[in-house]
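A.B. asks: Whatever this is, show me its structure:
(chains A and B)
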Amino acid sequence: MAKWHDFVEKDGRAPVWPYPIRYEQEVEVATDVLVIGGGIAGCWAAISAARTGASVAMVEKGDTIRSGAGGPGCDHWCNAPANPLSNVDPDEWAKLMTEMPYANGIGNQIQCREDWDALAEMEQIGGKIRDTRDEYLGVEGRDEVTKLMISPRYTRSASFGPDAAERRALKSNPEGNLNNVVIRVWGTTFKPALKKECKRLGVKIYDRVMVTGLLTEKGETGARVVGATGLNGRTGEFLVFKSKAAVLATAGDWSLFLLNTELAGYNTFRSRTTTGDGNAMAFRAGAALTMMERTGEMHLSTGFKHTWYGGAGDASYENVPIVDANGKLLPWPVQGWADGGAMRPSPEVMEKIMQGIRSGEYALPFYGDFPAMPEKERRATWKLMLGEESTTLNITESYEKAGFDPAKHLLQSYSIIEGETPKQWRTTGGGGPVVDWDLKTTLDGLYVAGENIFSAGDHSFAAATGRYAGRKAAAYARQAFAGKVSADQIKVEKARIYAPVKRTDGIDWKELHAGIARAMQYFCSEFKTERLLNMGLDALKEIAEVHVPRLYALDPHKLMRSVEDLSLLTHAEIIVNAALARQASSRMLNHFRIDYPQLDPPEWQHFLTLRLENGKVKADKLPLRYWGDMKAGYEAHNKDYTGVYQGK
Amino acid sequence: MTEKKIYALPNIATPSAPVIFHEEVCNGCNHCVEVCQVDVYIPNPEKGKPPVILHPDECWYCGCCVNDCPRPGAISFNWPVQQRAYWMDKATGKVLRDSQA
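C.D. replies: Coordinates of the predicted model:
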């Protein structure tokens, strides 16, 4: 009696919408700092801003208690070289991370300097970061004094590729000790603790509200950001936020190339709510974005594949040996101590495995050999790593309930037998607003945190940059006057977002989403030429002019999904424009132009930026490493940084 | 056989039931409605009853509704058929699936 049709069959009618309908009714909120997105980065931004004494409002599409990519959990606090067991210098580690082309040196430097402080504060507010109950005594990496658990990841180099086993010589680690920069954590405890701390600090939380657009001074493109508009996905209520400073902390856009929401739901590591809203609203407001041309093949699930982490070996489980169907050990890295945390075989080793499959040397399917592991390590992998990682507790618990016992059973791997991802199923690879050393965008009053930053990292990156952007936004708000929002801009935005509920027929959000995804698959995927990309722009323009005006929504939930589609559409337009503007191919950006085949020519080794100017898309260049010396840059901008929070 | 009224209904969204509610344990507290970041559920029109699974096609299988349920046994996770797991008993070599416990 829980399915929708049960009610039709019982009562002869559908259930009535359970929330009051308040379409177009306005609620006004004035605040010093507005945080857009209540995931890991958003919560940390709200906390650090509130701790400076600023008034803070945080807006979240879901419920802050578990929302965001890191809401369900997190098992690794990556790249924390300032932790007490680390054997490397944070500045040297940040530099190493930033050797990767198109990396974000500002974000990496902030993460390396401050994510240990963030973790220490996480512990202050109730997050679990140590083996305080001595459940994992004797597990490799566990420190007997601090009870911190070091992970095998990045112990020899800042890589989880096939080269992870090769030791990278570091000045700060001349003896060649393990680097000890990644800490295993009990991340399922984090999000509820963050919400509780936000509430304790008086942060005003607006759950179930999507921010639809930014408000700028006089409504002008490129002017200072003075607020934002919101839509409640349960009631349809309209919110007007007036702020002195805003922090964009929305996630990326993981469903742009995915046609089918019913398949996309199968765990892409992101829910459908991640529709690129942050980038779309920043662009529309006039901020410069970069890295928007990078897309990548989506190797996670997508419904065509088994859920990520649901099978050993399709996601590498720490220290679990991979064997073939007859129990023969494969030369497959195990993300363990022996291989420095490597996740994938090198191309040469992979070729050997494939030849072995064809010749009968290795029998499919492959399995994760949990029973072969020492009991302590097995428990740490199953209970701590998988029990605490995002969206994996349901895997271990449901498998155990169904009879799986890691001491007796080999868990099947779906690698190879499930096939390759089609190249048209892509991720939009991590573009975002251009930021300076304050994580400020090119617009006054607008800051960025977490995955919304270009070339972002993972959970600890989100925490550290959120915490950083929050205090920088609060500092700006302290010296800024409240700007004036434009009534005209609000009127135009209202007309845009409520149009679908004024129609009763046409196309629904799912059909529009699929239409946008199809255009991207055809015109902006594996094969890129000027002709194809221009056809892509035309296709998106047609969608905007012909199909968007037919969009209809039956209730506030479907209205929010419809407005998310409009974000997807803007995001798509930015990506195709960026792909057109980069007239060269690049391996690192996964950007292959048939008409410009030369890979990474020197004259194209720079960031490409895009912004709106007088209604036109303007492309520009920004040097790689535009941030200058990372250590000096960080120190010059953080003379007043006081480290781990000491207040009440 | 008692006569059941047959309604004209569209196809059911798939997968239709990412979780199964156990009515005898669930007290309709709606905590799962709150923790879900995509609003898969709405509260049941009848107080004290399990929520309605309204948007099962938007579920991303994060598991928070099950993990955070304050009444153990009120809600259980239900993998779609195409996502069911396989494993093998090391001692016997027997291949098992998660519906064969």
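
A.B. asks: Residue ranges in chain A under the pLDDT threshold?
C.D. replies: Applying pLDDT under 70 to chain A picks out residues A:1, A:264-268, A:301-303.

A.B. asks: okay, now the domains of it?
C.D. replies: A:26-70+A:189-298+A:424-479, A:76-96+A:121-184, A:322-412, A:489-623 (automatic domain parsing).

A.B. asks: Packed most tightly, which of the ones you listed would that be?
C.D. replies: Burial of these is given as mean neighbour count (mean count of other Cβ atoms under 10 Å in any protein chain shown); domain A:26-70+A:189-298+A:424-479 ranks first at a mean of 25. (Glycine included, C-beta is placed from N, CA and C.)

A.B. asks: Could I get the full set of helices for chain B?
C.D. replies: B:31-35, B:64-67 (DSSP state H).

A.B. asks: How far away from the center of its chain is the longest one?
C.D. replies: Centre-to-centre, helix B:31-35 and its host chain are 14 Å apart (Cα atoms, centre = their mean, to the nearest Å).

A.B. asks: buried stuff in the host helix or strand of A:Gln109?
C.D. replies: According to DSSP states H and E, A:Gln109 maps onto helix A:105-124. Within helix A:105-124, the residues that qualify as buried are A:105-123, counting by 16 or more other Cβ atoms under 10 Å in any protein chain shown.

A.B. asks: And the residue nearest the centre of chain B?
C.D. replies: B:Val19 (1.0 Å; Cα atoms, centre = their mean).

A.B. asks: which residues sit in contact with it?
C.D. replies: B:32, B:53, B:65-66, B:75-78 (Cβ atoms under 8 Å, 6 or more residues apart in numbering or on different chains).

A.B. asks: The residues you listed also near chain A: which ones?
C.D. replies: B:53, B:66, B:76-77 (Cβ under 8 Å from any Cβ of the partner chain).

A.B. asks: What subset of these is buried?
C.D. replies: B:53, B:66, B:76-77.

A.B. asks: taking these one by one, which sit in strands?
C.D. replies: In strands, defined here by DSSP state E, the members of those are B:53, B:76-77.

A.B. asks: low pLDDT regions in chain B?
C.D. replies: B:1-2, B:100-101.

A.B. asks: What segments of the stretch 501-648 of chain A are helices?
C.D. replies: Counting by DSSP state H, counting those that start in this stretch, the stretch 501-648 of chain A has helices at residues A:509-523, A:530-542, A:556-581, A:630-637.

A.B. asks: Please identify which of those is closest to chain B.
C.D. replies: helix A:556-581 (5.8 Å; Cβ to the nearest Cβ).

A.B. asks: Can the closest one be said to contact chain B?
C.D. replies: Yes - Helix A:556-581 reaches chain B (Cβ under 8 Å from any Cβ) through A:His557.

A.B. asks: Next, the angle from that helix to helix A:509-523.
C.D. replies: 10 degrees (axes from the mean of the first three to the mean of the last three Cα atoms, to 10 degrees).

A.B. asks: what about the strands in the stretch 1-150 of chain A?
C.D. replies: With DSSP state E, counting those that start in this stretch, the ranges of strands along the stretch 1-150 of chain A come out as A:26-36, A:56-60, A:76-77, A:149-150.

A.B. asks: could I get these as TSV with distance to B:Leu9?
C.D. replies: Formatted as TSV, those follow (distance: least, Cβ to Cβ, whole Å):
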stretch	distance to B:Leu9
strand A:26-36	37
strand A:56-60	34
strand A:76-77	45
strand A:149-150	52
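
A.B. asks: Which of these sits closest to A:Ser316?
C.D. replies: strand A:76-77 (12.3 Å; Cβ to Cβ).

A.B. asks: and that closest one, which strands flank it?
C.D. replies: strand A:183-184 (antiparallel) (DSSP bridges).

A.B. asks: those strands in chain B, which residues are they?
C.D. replies: Counting by DSSP E, the strands of chain B are B:19-21, B:41-42, B:52-53, B:75-77, B:86-89, B:95-97.

A.B. asks: Need the winner for burial among those.
C.D. replies: Mean neighbour counts for these (mean count of other Cβ under 10 Å) peak at strand B:41-42, with a mean of 24.

A.B. asks: That strand and chain A, any residue contact?
C.D. replies: Yes - interface with chain A: strand B:41-42 contributes B:Ile42 (Cβ under 8 Å from any Cβ).

A.B. asks: near chain B, which residues of the stretch 51-200 of chain A?
C.D. replies: A:61-63, A:65-68, A:71-72, A:188.

A.B. asks: give me that answer again for 10 Å
C.D. replies: Within reach of chain B by Cβ under 10 Å from any Cβ of the partner chain, the stretch 51-200 of chain A has these residues: A:60-69, A:71-73, A:188, A:191-192.

A.B. asks: Can you flag which of the residues you listed belong to helices?
C.D. replies: Using DSSP H, these in helices are A:191-192.

A.B. asks: if we take the residues of the stretch 51-200 of chain A next to chain B, which one ends up nearest to chain B?
C.D. replies: A:Gly62 (3.0 Å).
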